[in-house]
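>>> Structure, please.
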Amino acid sequence: MPDRDRRARGDRGGAAAADRRDAGPGRIGPLAAIRRTGRCSCQRRRDAGPRAWPAAGRRDPRRRRRPEDRDLTGIRQVWVTRTEPGASRTAARLAARGFEPLIAPVLAVRPILQPTPDLTGISALAFTSPNGVAIFADLTPERGLPVFVVGDATAERARQAGFADVTSASGALLDLAWLIASEATGRVLVPGAREPAGDMDALLNGAVETVILPIYEATETKAKPPVGFDAVLAHSPRAAMAIARTLGRKGGAGRLAVAISAAAAAPLAAAGFAEIRTAGEPTDAAVLLALGNPAARV
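A predicted model of the protein is given here:
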């Protein structure tokens, strides 16, 4: 009897009693609910109702929006970092396509004072940028030598400066080296930056004798990034390094970067961009093609 009494009292205070205590009018107690559904009430709250957890891939609206959450399909404001006059040309092309260009060059070009270049024994000139053409043209009236250039924009500048015999590699520095090696005869003068983007002598590897002549230097402007920019364009490795230093480790979060070449894309990784795209060829047109289309106006 005592044992039976203890068991009876235990039954009255056990699961059935707990269910009765928890279940008021119209309610089901938690233990009964588990038996019926196989889930506790806390699990049901997670699965439904206003406090439901966000589905995979969806942002919880209660969480504060972070820069890296920015939608890269909403590109409209584009930071143009190249030097003038190239920056204005790129900005005009962007505006024609519906973007809002934000010009803030990260580099400034300054001529290095030079006497008139000695062209004795020089059979051709080679330029790696429009800046080199413009500054060299100011140093000497000579326009009769054949000219080899890295790309079509540099070729255009050379013709505008009065050079008649201009051949473009329509590519990168390696393409220019191949062009010089295959077509140049004699010594080639290479006017350019104090800190060039590549080593022409190493690329030619003795195939052609070159004379490297520094005539300008590019210095960082330390310009502040435009407020609210969605994407940035890097038209050279040196500009890309300046962009990365300006933005810091997380300054590119949630933003797009488009580089003119793989060499220009590499330094941008340090700024934490959401995406880095590389142009299919080293031209301004290819950079804009990689940028894509602007977001529709609201």
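
>>> all helices of the stretch 101-250 of the chain, in order?
130-139, 152-160, 173-183, 200-204, 237-247 (DSSP state H, counting those that start in this stretch).

>>> can you put these in JSON lines and add mean pLDDT and mean neighbour count?
Just so you know, the C-beta spots here come from the backbone N, C-alpha and C atoms, and that holds for glycine as well. Listed next are the helices of the stretch 101-250 of the chain as JSON lines, based on pLDDT from 0 to 100; neighbours: other C-beta atoms under 10 Å:
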{"stretch": "helix 130-139", "mean pLDDT": "95", "mean neighbour count": "21"}
{"stretch": "helix 152-160", "mean pLDDT": "94", "mean neighbour count": "19"}
{"stretch": "helix 173-183", "mean pLDDT": "94", "mean neighbour count": "18"}
{"stretch": "helix 200-204", "mean pLDDT": "88", "mean neighbour count": "16"}
{"stretch": "helix 237-247", "mean pLDDT": "95", "mean neighbour count": "22"}
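
>>> can you list those helices in TSV and add distance to V80?
Converted to TSV, the helices of the stretch 101-250 of the chain look like this (distance: least, C-beta to C-beta, whole Å):
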stretch	distance to V80
helix 130-139	15
helix 152-160	15
helix 173-183	23
helix 200-204	28
helix 237-247	10
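
>>> Quick one: closest of those to V78.
V78 sits nearest to helix 237-247 of all those, at 12.9 Å, using C-beta to C-beta.

>>> shaky segments in this protein?
1-73, 296-298 (pLDDT under 70).

>>> partners of the longest strand belonging to it, with directions?
Longest strand in the chain, counting residues (DSSP state E): strand 210-220. Looking at strand 210-220 with DSSP bridges, its partner strands are strand 107-111 (antiparallel), strand 187-193 (parallel).

>>> So which of the ones you listed is nearest F99?
Between these, strand 107-111 lies closest to F99; by C-beta to C-beta that is 21.5 Å.

>>> What are the contacting residues of the closest one?
81-83, 131, 135, 138, 215-221, 236, 238-239, 242 (C-beta atoms under 8 Å, 6 or more residues apart in numbering).
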